[in-house]
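structure for this input, please:
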Amino acid sequence: MSNSTTPQAAFWQGEFGDSYIDRNVASPEQLQARRAMWSEILSHTLPAPPKSILEVGANLGINLRSLRALTSARFLALEPNDKARQRLVDDGVLKAEDLRGGLATKIDFADGAADLAFTSGVLIHIHPDQLEASVREIHRCSARWIAAIEYFSDKPEMIPYRGHNDRLFKRDFGGFWLDLFPNLRVTAYGFAWKRVTGLDNLTWWLFEKP
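The predicted structure is shown next:
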């Protein structure tokens, strides 16, 4: 399938994606909550702290903005929405040359481009038919570490998203990663409980490539 023709991709590249950017801000509270989560995740990479980090689906860059307080790593990103990419450059989150358009099914970065490659709330918006190709691309672009921060369900299910069907798909993404790449080492995993973290009940996994 083309890299730009899925209904899910069109959803985020178009009017809905633009309005998402307008109604979301990188508030101090959000950044602090993300920093706390990333501080925990990065603590498990101490044997080889990432010197480069790729976010697949960066949007406003809330994760990268939070990470900047924790690491001097070079940031790379893939983001399908034009308006979001412009915001990332205008706000100095990334250099333009470190930012790509396109979709996770075909990432325009070299093999092993980043020590750590991750998604945050992105795999949930990829149709199950494109999920394996997307995960394989993220695996290809990672030199060592892979992180996934997503909504969890113990079985694959579609959840209506802001009145739209087929735009949000939950599952055990950690299990999905391991089923595709059994030699990944589960370095750590955790849960950001909304009541105490302010984050949206996010489950995260950190894997290490052999």
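
which stretches of this structure form helices?
Along the chain, counting by DSSP state H, helices occupy 7-13, 15-23, 28-43, 62-67, 82-90, 128-141, 173-180, 194-197.

need the winner for burial among those helices.
Comparing the helices of the chain by mean neighbour count (mean count of other CB atoms under 10 Å), helix 62-67 ranks first with a mean of 23. Any C-beta I mention is one placed from the backbone N, CA and C, and that applies to glycine too.

for that helix, packing partners?
Using 3 or more CB pairs under 8 Å, 6 or more residues apart in numbering; DSSP states H and E, the elements in contact with helix 62-67 are helix 28-43, strand 52-56, strand 74-78.

of all those, which one is nearest Ile124?
strand 52-56 (12.7 Å; CB to CB).

quick check: Leu199 vs Ala33, distance?
According to CB to CB, to the nearest Å, Leu199 and Ala33 sit 5 Å apart.

now for those two: what residues contact both?
Residues within reach of Leu199 and of Ala33 at once, by CB atoms under 8 Å, 6 or more residues apart in numbering, are Ala192.

format the helices of the chain as TSV; extra columns: distance to Arg100 and mean pLDDT.
Listed next are the helices of the chain as TSV, based on distance: least, CB to CB, whole Å; pLDDT from 0 to 100:
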stretch	distance to Arg100	mean pLDDT
helix 7-13	14	79
helix 15-23	16	75
helix 28-43	22	96
helix 62-67	14	97
helix 82-90	8	94
helix 128-141	11	97
helix 173-180	22	98
helix 194-197	30	96
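
which one, of the ones you listed, ends up nearest to Phe109?
For the helices of the chain, proximity to Phe109 was assessed by CB to CB; helix 128-141 is nearest, at 5.0 Å.

the closest one relative to helix 173-180, how many degrees between them?
Put simply, helix 128-141 runs at 70 degrees to helix 173-180, going by axes from the mean of the first three to the mean of the last three CA atoms, to 10 degrees.

which elements pack onto helix 128-141?
Packed next to helix 128-141, using 3+ CB pairs under 8 Å, 6+ apart, are strand 52-56, strand 114-120, helix 173-180.
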